[in-house]
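> Build me a structure from this.
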Amino acid sequence: VFYGLGARYQFEREFLGIEFQPGTEYNYTLGTGFAVNERVTLSAQFFGSYVEELKANGERVEGTIQEPMNLRLAATLAKPCNRIVEPFVTFGLTDDSISANFGITWTY
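The predicted model follows:
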């Protein structure tokens, strides 16, 4: 079982003469892994965030709060020579998140 909490702040910047201040993002994760054998681990991880409203020239922009939530499923495969291969798929659970994402992570 694993978990995590975090926050991300982005600095204000100007674009087309308007000062934009992105909202602070507060994120959290919760997951679990199951060792099938000494070389294979299956895992599921839930990611969630709350992103505060965007500000333009110091004024709040209505409707810019986001709450993306995702579910990631993975299989971690330990290879000889301390290498790890991890195919994964991520599904979006809310309208503010991605629809789906998949890939493979190779660690050397």
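> Let me see the residues that make contact with the helix or strand of the chain at the bottom of the mean pLDDT ranking.
The weakest-scoring helix or strand in the chain, judged by mean pLDDT, DSSP states H and E, is strand 59-60 (a mean of 86). The contact list for strand 59-60 (C-beta atoms under 8 Å, 6 or more residues apart in numbering) reads 53-54. All C-beta atoms are positioned from the backbone trio N, CA, C, and that covers glycine.
> Give me the sheet partners of that strand and which way each runs.
strand 55-56 (antiparallel) (DSSP bridges).
> what's next to the partner strand, contact-wise?
18-21, 23, 61.
> Among those, which ones are in strands?
18-21 (DSSP state E).
> Could I get the buried residue list for stretch 27-43?
In terms of neighbour count (16 or more other C-beta atoms under 10 Å), stretch 27-43 has its buried residues at 29, 31, 41, 43.
> right, and the pair among the residues you listed with maximum separation?
Thr29 and Thr41 (16.9 Å; C-beta to C-beta).
> In this protein, which residue is most central in space?
Of all residues in the chain, the one closest to the mean position by C-alpha atoms, centre = their mean is Phe47, 5.5 Å from it.
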